[in-house]
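Enquirer: what shape does this take:
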Amino acid sequence: MFEALLALHAQVKSSSQALSGSTEALLAEKAELTEFVEALRARLKFFDEYELAATQFAAAAAAPDSTDLMPLLKKLDECIAYVAANPQYADAVAYATKFRQLQSRTLGLVRGRVQTVLRQATQVVQTAVAEVAAGAAAGGATGQSGLPTATRSASGPLPAGRVLVLPEGTEVSLLYVRFRAAAEPLLKGLVSEVGSKAGRPDYARLLEDCRRVYCSIRQQLVQPHFQSRLSSLSGLPLPQFVRAATEQLLRLSQLEGQLMEQLFGAAASWNNRQQRLPEAAPPLSTSLAEGLRPLLEPLGQLLYDVLRPRFVQLADMDMLTELIDILQHEVLHDALLRRAGPGGEALAPSLSRALADLQERLIYRAQAFIKEAIEGYQPRGDDLSCPAKLEAAAAKAASAGAAGSAAGVDAEITEADNTAEEADGQEEVAAQGSALIHGHWYPPVRSTLLLLSKLYRCIDTKIFAGLAQEAVAACTACVQGAGRLVAKQAGPLDGQLFVIQHLLFLREQIAQFDVDLTVTDIDLDFTHMRDHMRRIMSGEASLFTLSSSNAMVQMLGRGGPRVVSASIDSKRDLEQQLKACCESFIMNLTKAAVEPMLGFITKVTAVRLAAGSNPALAKPIKQQAFGAPAKLAELVAGVNKAMTGKLPHAVNKTRLYLPNPATRAILFRPVKSNIAEAHGQIAQLLEAQYSPEEAAQVPLMQPDQLRAALDELS
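Expert: Numbers count the residues shown, from 1 in each chain. Here you go, the predicted model:
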């Protein structure tokens, strides 16, 4: 019995162990199957999300104010990333396509949502503007409408197509503050989330589309007000209009930049995100300046379209230079970014075109001015009565100086010796400045220098150099022609001094511009082709010969046109004309003083040459008819008379034209040398060819006397 129980116990124990092993195996298998199911469910979860996402999309599309768009996009992004990471799964490609299509439609909903918010904000602003306009039309007081009387229409509503000109404070309050208040709560969070994902091409394109929609809506809102503002300013003088209009445009650019930055975030973050875009992604303009370009470029073009018709009608160069100065120094370059903010880059092309139009118009007017006022100038009135005008000016200056000297003679006596040299230097400046102020310079010279001073700061250096070369060449020729007329009226000396005076002044003034007044003309020379054409026309060369002697082949090979280049340097030509005139003046002044001596020396030289070739003709100079002591004495007496008469008169006249002692010293130095050399040669002839008694009859100046007489030439 006991053994039976033991056997039964062993049997039960064995069955229990078997059952326990089976149970543990089943539990392990269940755990494995559960783990497999969970893993499978985790993998299928992203595929199953499509149906749920499609349902959420339909709900968001039906409810425009839904806030589930960004969570839905986040879920779709995760699904797309998972499917793309596991392309080995069945239907992975098909589901990837479905997810991308759903994502694209959701992005479209976001774009539409942004557009709706912006349009609603615009409607709020337009309603507020309409209320203000209605109050203005009703003739309400300023305290009621917030508008000054000048901006309201007392006769009823504004004409169609025009909007109320809002004061600056009201304009900022309605167009910017109220727009931001209406759009920012609904827009900024959405745009911020899109911007946080702008490293992906799809979101970057969405952000760019949102900004483009924003610019389009803002343009429709702002442009009518800007256009009305320009219309209200159109009655101002053109320089004031340009200043006021550009000020409005730059202010608008700054406000729009601030508004876009507040709604869309800082441009720096967009730039950083753009740097992280894949190379395969299309280039996107994400900087704040580029974002504002679609909005500001049409406004800049609108201002340009208003300004251009007025610019092209301008003929006054002073007005043109003033407008160019306004655009160059007050609007463009550094001032543009400082006053307009980042959006200034978008306005630069339109404003630069306006500046280019002004510069082009100025160049055209400068060319016409050169032809009319310089090259084609006809002297009138007392333009050429230079001696009389200069003498009157000198007399007036002398009387004024005498009065001043009488008033301050006691104070100046002790300083006269120390300041003599400085006073001489100031004499030229004062005389030339006085002459210029009182109009004593020849009008074409004044016109040339005024023209160059206006052009120098307004146009490109190369273009200025070309115009300056043309103007200086025309002015030089005009001064030469005027000098010939002065010579006919007042004498050759006045004509030469007139030319020297004006060319010296012109050379001194153009040196300040520091430009190369050289122009190279390139032409084609066909003159050497005449022989080829003559041979062809006469039949000597045939056009139909199939060899190297064919007339056309020869003409094209050896008789083609030649390129001829010619360099025209107005500054060099001016120097040459001035040098030639100075040399002529020096020679004429020398002849006025010692021409008889020069003639006598020439005859002596001729006699000596003849005696050298034929000794039979040799005889002393004093035995020659022209060399008799009485003749020589008469000749020297005439020279002495000229030295005390003609020469001092010429020197005094030179002082009128050339008040600078240094300039006169340069001109008189060769004259003194010529006079001294002529006297020296006569003295040598008297010593060598004449007896002391005969030489004593000739009243030749002694060296000390001659030196004293020449020292007075200053």
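Enquirer: find the nearest non-adjacent residue to V472, please.
Expert: Spatially, and ignoring its direct neighbours in sequence, V472 is nearest to S570 (4.0 Å; CB to CB, 6 or more residues apart in numbering). Where C-beta positions appear, they are placed from N, C-alpha and C, glycine not excepted.
Enquirer: that neighbour and M317: what is the separation?
Expert: 21 Å (CB to CB, to the nearest Å).
Enquirer: between those two, which one's more packed in?
Expert: S570 (22 against 19; other CB atoms under 10 Å).
Enquirer: wait, the more buried one sits on A477?
Expert: No: taking CB atoms under 8 Å as the definition, S570 is not a contact partner of A477, at 10.2 Å.
Enquirer: low-scoring stretches of the stretch 451-600 of the chain, by residue?
Expert: Where the stretch 451-600 of the chain drops to pLDDT under 70, the residues are 517-568.
Enquirer: okay, strands next: where are they in it?
Expert: Taking DSSP state E, counting those that start in this stretch as the test, the strands found in the stretch 451-600 of the chain are 518-525, 562-569.
Enquirer: worst-scoring helix or strand of this structure, pLDDT-wise?
Expert: helix 267-275 (a mean of 40; mean pLDDT, DSSP states H and E).
Enquirer: what's the burial count for G189?
Expert: 12.
Enquirer: buried set for the one helix or strand it maps to?
Expert: Per DSSP states H and E, G189 falls inside helix 179-196. Using 16 or more other CB atoms under 10 Å as the test for burial, helix 179-196 gives 179-180, 182-184, 186-188, 190-191, 193-195.
Enquirer: of these, the lowest pLDDT goes to which?
Expert: pLDDT across the buried residues of helix 179-196 is lowest for G195, at 71.
Enquirer: if we ignore the residues flanking it in sequence, what's nearest R664?
Expert: Closest to R664 by CB to CB, 6+ apart is L658, at 5.4 Å.
Enquirer: from L390, how far out is the one you found?
Expert: 10 Å.
Enquirer: and C79, by the same measure?
Expert: In terms of CB to CB, C79 sits 98 Å off from L390.
Enquirer: and L302, by the same measure?
Expert: Applying CB to CB to L302 and L390 gives a distance of 57 Å.
Enquirer: ok, the two, which is more surrounded?
Expert: Remark: of L302 and L390, L390 carries more neighbours, 22 against 17, as counted by other CB under 10 Å.
Enquirer: helix/strand/coil for L706?
Expert: helix (DSSP: H, G, I helix; E, B strand; the rest coil).
Enquirer: helix or strand right after the least confident helix or strand of the chain?
Expert: Next along the chain from helix 267-275, counting by DSSP H and E, comes helix 288-311.
Enquirer: what are the buried residues along that following helix?
Expert: For helix 288-311, by 16+ other CB under 10 Å, it's 288-300, 302-304, 306-307, 311.
Enquirer: please apply the same query to stretch 581-600.
Expert: 581-582, 585-586, 588-590, 592-598, 600.
Enquirer: could you do stretch 216-236 as well?
Expert: 217-219, 221-223, 225-230, 233.
Enquirer: again with stretch 342-353
Expert: In stretch 342-353, counting by 16+ other CB under 10 Å, buried: P342, G343, G344, E345, A346, L347, A348, S350, L351, S352.
Enquirer: grab the nearest non-local neighbour of K672.
Expert: L710 (4.6 Å).
Enquirer: with just CA atoms, put the host helix or strand of that neighbour into PDB.
Expert: Secondary structure assignment for L710, by DSSP H and E: helix 703-711. C-alpha atoms of helix 703-711 as PDB (Å, rounded to 0.1, in the frame of the first residue of the first chain):
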ATOM      1  CA  PRO A 703      76.000 149.000 -66.800                       C
ATOM      2  CA  ASP A 704      74.900 150.600 -63.500                       C
ATOM      3  CA  GLN A 705      72.300 152.700 -65.200                       C
ATOM      4  CA  LEU A 706      71.100 149.800 -67.300                       C
ATOM      5  CA  ARG A 707      70.900 147.600 -64.100                       C
ATOM      6  CA  ALA A 708      68.900 150.300 -62.300                       C
ATOM      7  CA  ALA A 709      66.500 150.700 -65.300                       C
ATOM      8  CA  LEU A 710      66.000 146.900 -65.600                       C
ATOM      9  CA  ASP A 711      65.300 146.600 -61.900                       C
END
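Enquirer: how near is L307 to V177?
Expert: 30 Å.
Enquirer: and the helices in the stretch 551-700 of the chain, which stretches?
Expert: For the stretch 551-700 of the chain, the helices defined by DSSP state H, counting those that start in this stretch occupy 551-558, 570-613, 629-644, 646-657, 661-689, 692-697.
Enquirer: and of these, who's closest to V331?
Expert: helix 570-613 (33.9 Å; CB to CB).
Enquirer: that closest one to helix 629-644, inter-axis angle?
Expert: 170 degrees (axes from the mean of the first three to the mean of the last three CA atoms, to 10 degrees).
Enquirer: now do the residue nearest to P492 when sequence neighbours are not counted against Y214, distance only.
Expert: In this structure, P492 finds its nearest non-sequential neighbour in N588, 6.3 Å apart by CB to CB, 6+ apart. Per CB to CB, N588 is found 81 Å from Y214.
Enquirer: how many residues are close by I363?
Expert: 19.
Enquirer: please apply the same query to Q328.
Expert: With other CB under 10 Å as criterion, Q328 counts 16.
Enquirer: give me phi/psi at it?
Expert: phi -70, psi -50 (degrees, to the nearest 10).
Enquirer: read off the pLDDT value for the nearest residue to it once chain neighbours are set aside.
Expert: Counting by CB to CB, 6+ apart, Q328 lies nearest to L355, which is 6.7 Å off, once chain neighbours are set aside. We have a pLDDT of 94 for L355.
Enquirer: L355 is in what secondary structure piece?
Expert: Counting by DSSP H and E, L355 is part of helix 344-369.
Enquirer: can you map out the helices along the stretch 401-550 of the chain?
Expert: 420-437, 443-456, 461-490, 492-510, 530-538.
Enquirer: tell me how far the closest residue to L493 other than its chain neighbours lies from L52.
Expert: Nearest residue to L493, sequence neighbours excluded (CB to CB, 6+ apart): A650, at 5.9 Å. To L52, A650 is 113 Å away according to CB to CB.
Enquirer: more neighbours: which of the two?
Expert: Taking other CB under 10 Å, A650 and L52 do not tie; A650 has more neighbours (20 against 11).
Enquirer: test my guess that the more buried one contacts L589.
Expert: Yes: using CB under 8 Å, A650 is in contact with L589, at 5.7 Å.
Enquirer: now for these two: what residues contact both?
Expert: Residues touching both A650 and L589 (CB atoms under 8 Å, 6 or more residues apart in numbering): L493.
Enquirer: just to revisit the earlier point, N86: which of the helices of the stretch 551-700 of the chain is closest?
Expert: helix 551-558 (74.2 Å).
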